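Chemist: curious how this folds, go ahead:
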Amino acid sequence: MPVKNTYFVESMRAQEKWRIEECINLLPSENSASPQVRALLSSDFGNRYTLPINQKYAGEFIENGYRGARITTEVEQKAEEVAKEVFKAKYACVQPLSGHIAAMITIAACAKAGDLIMAVAPENGGYDGYASAYIPNLYSMWSMPLPFNPKLHNVDPAKASYAISKKKPRLVILGASAILFPYDMKPIRKACTEVGATLAYDGSHVLGLVAGGEFQKPLKEGADVLYGSTHKSFFGPQGGIIATNRDDINSQVRKNLTWRVVDNAHWNRIASLGQALLEMRSYGSAYAKQVIKNSKRLGKELKGRGFPIMFGDLGFSGSHQLLYDPKAIMKKYGLTVNDFSVRMEKSNLIIDSVGRIGTAEITRLGFVEKDLGSLADIFMAAAVGEQVKKEVKALRDRFGLRFRFDS
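Modeler: Numbering: from 1, shown residues only. Down below sits the predicted model:
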């Protein structure tokens, strides 16, 4: 049967009604964007190019490969200007199309074929892309895991420093997909300096907290470069960003953009990211503080109702995430984490299938500590299979997007 001419518009309306109006989103990898950020994504910028090459092309000096790019080029420059301010960096690059692309650009800028990379292992919550079979393989590099303390759910700073001194990697990457607590960066920075390694910080998950001055200040604490996704705890469009204070890293990042890892950087996304950066500049501090408060409180509320949230002895979380025990889910509910997430979705409570619960989007919607008991009650009812869509909708209706400009 042919696709109707109205299918995609109707799908958009159905998606927005369901996910924006009827669901409570507890995914740590997503967030809500403001109307201004969303409007910029659908602007004319999305149909335009700019290619400032500033070099001879076919024997003639070309400033820009495309005409009509005056405003587009300025938008990128202004977005980078605000990014430098927000992340307290000398340089910022907003061209990466995703956090993964930002990682690829950074790795290419900081290491070469045959080099060793050390990062948090996937089995400890690290990003799968840093395993040898993935990004390192593309660049003929290889990777090893950083020593990890599972009881603290954190990199073991002493053992990691020792491993760095012995293995002498070219690049060390802190950051993870399941990240709860800040890293003790000082000893790791010292070890990297001693062996000549670059220390990178993948802030994909905690970028909004970092931008708000909470969780960790990676560049101030010793990271040579910070990069990550712009749509998780950071409430921008899907995309990536790189920030650094080092001239040489910035130079290599720029070298690895046009005609290497990036060509069309999607300037509607860049304009949208610029707007989100302005919002973060104005509201990031209050937002980031509340995200962390909400994580700690939601962990307490769920744990008090018998849900197997982990690391209660450590305060549950210092980020936008909570982790729960998959084995306890099987024992308590007879479900895998994947099947548990399916059960929760039936009540329009959206969680992921790997054992994480996120508080970034509910914080953007205005949830504070006093609201989380009600959320925990609904969550626990859905967890045992009760149909609570009406209760989810009623709770969702009490809130609207915060930490944004009025017009």
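
Chemist: ok, residue 389 touching residue 21?
Modeler: No: at 11.9 Å, residue 389 does not count as touching residue 21 under the criterion of C-beta atoms under 8 Å. All C-beta atoms are positioned from the backbone trio N, CA, C, and that covers glycine.

Chemist: between those two, point out the one with more neighbours.
Modeler: Remark: of residue 389 and residue 21, residue 389 carries more neighbours, 15 against 11, as counted by other C-beta atoms under 10 Å.

Chemist: quick one, what contacts that one?
Modeler: Residue 389 sits next to 22, 347-348 when contact means C-beta atoms under 8 Å, 6 or more residues apart in numbering.

Chemist: got a quick PyMOL command for the buried subset of these?
Modeler: The following PyMOL line selects those of the contacts of residue 389 that are buried, judged by 16 or more other C-beta atoms under 10 Å:
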select buried, resi 347+348
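
Chemist: neighbours of residue 286, how many?
Modeler: Neighbour tally, residue 286, other C-beta under 10 Å: 13.

Chemist: sorry, slip of the keys, the one I care about is residue 14.
Modeler: Residue 14: 10 neighbours (other C-beta under 10 Å).

Chemist: need the pLDDT of it.
Modeler: Note on residue 14: pLDDT of 98.

Chemist: give me phi/psi at it?
Modeler: Note on residue 14: its backbone torsions stand at phi -70, psi -40 [degrees, to the nearest 10].

Chemist: and what of residue 258?
Modeler: Here is the backbone geometry of residue 258 (degrees, to the nearest 10): phi -60, psi 130.

Chemist: tell me which helix or strand of this structure sits lowest on mean pLDDT?
Modeler: strand 55-57 (a mean of 69; mean pLDDT, DSSP states H and E).

Chemist: who does the next helix or strand along the chain from it pair up with?
Modeler: Note on strand 55-57: by DSSP states H and E, the next helix or strand toward the C-terminus is strand 60-62. Sheet pairing for strand 60-62, assigned by DSSP bridges, gives strand 55-57 (antiparallel).

Chemist: what pLDDT does the residue lying closest to residue 308 once chain neighbours are set aside get?
Modeler: Setting aside the residues directly before and after it, residue 308 is nearest to residue 328 in space (C-beta to C-beta, 6 or more residues apart in numbering), at 3.5 Å. Looking at residue 328, its pLDDT is 98.

Chemist: and for residue 62?
Modeler: pLDDT at residue 62 comes out at 78.

Chemist: any idea how far it lies from residue 69?
Modeler: 12 Å (C-beta to C-beta, to the nearest Å).

Chemist: those two: who's more crowded?
Modeler: residue 69 (19 against 14).

Chemist: state the distance from the more buried one to residue 52.
Modeler: 8 Å.

Chemist: go on, residue 119?
Modeler: Distance from residue 119 to residue 52, by C-beta to C-beta: 33 Å.

Chemist: also residue 328?
Modeler: Applying C-beta to C-beta to residue 328 and residue 52 gives a distance of 55 Å.
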